[in-house]
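> got a predicted structure plus its sequence, pasted below:
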Amino acid sequence: MFQSGHTSIFGIQFYVLGLVWFPLLFVIGLITTQIRKTSLNGEVLLPLLMIGNIFTVYLWYLELVVIGIICPLCLSLYIVNYILTILVAISLLRETAE
């Protein structure tokens, strides 16, 4: 993917987006957890993670359709985002069930 020419969106390199995205989610998770409101963490993180998941659909399209090669590093980050989404959704569902 790095040599394909498809490495940026709106002039921002994909790796820069990742370097900002994951620490941002981490900090938001810490801040919302410290506020001590039960569902605030999931209510804030889940929509953000869904934005990340929508973006990975675009990246999957680039890899599978346009470039024809799967990037192992990218794949691992997609999986991290999917797992985080599942964990936050389960947490939010448990909180709303109580």
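Now that the structure is in, tell me what you want to look at.
> alpha carbons only for contacts and neighbour counts from here, please
Noted.
> what about the residue lying closest to residue 43 once chain neighbours are set aside, which helix or strand?
If the residues on either side of it in the chain are set aside, residue 43 comes closest to residue 92, at 7.5 Å by C-alpha to C-alpha, 6 or more residues apart in numbering. For residue 92, the host element (DSSP states H and E) is helix 72-97.
> what comes up buried for that helix?
Going by neighbour count (16 or more other C-alpha atoms under 10 Å), the buried part of helix 72-97 is 74, 78, 81-82, 84-85, 88-89, 91-92.
> please report the distance of the residue nearest to residue 43 from residue 58.
To residue 58, residue 92 is 26 Å away according to C-alpha to C-alpha, to the nearest Å.
> how about residue 47?
Residue 47 is 17 Å from residue 58, by C-alpha to C-alpha.
> ok, now residue 97?
Residue 97 is 33 Å from residue 58, by C-alpha to C-alpha.
> angle of the host helix or strand of residue 15 against helix 72-97?
Taking DSSP H and E as the criterion, residue 15 maps to helix 14-35. Using axes from the mean of the first three to the mean of the last three C-alpha atoms, to 10 degrees, the inter-axis angle of helix 14-35 relative to helix 72-97 is 20 degrees.
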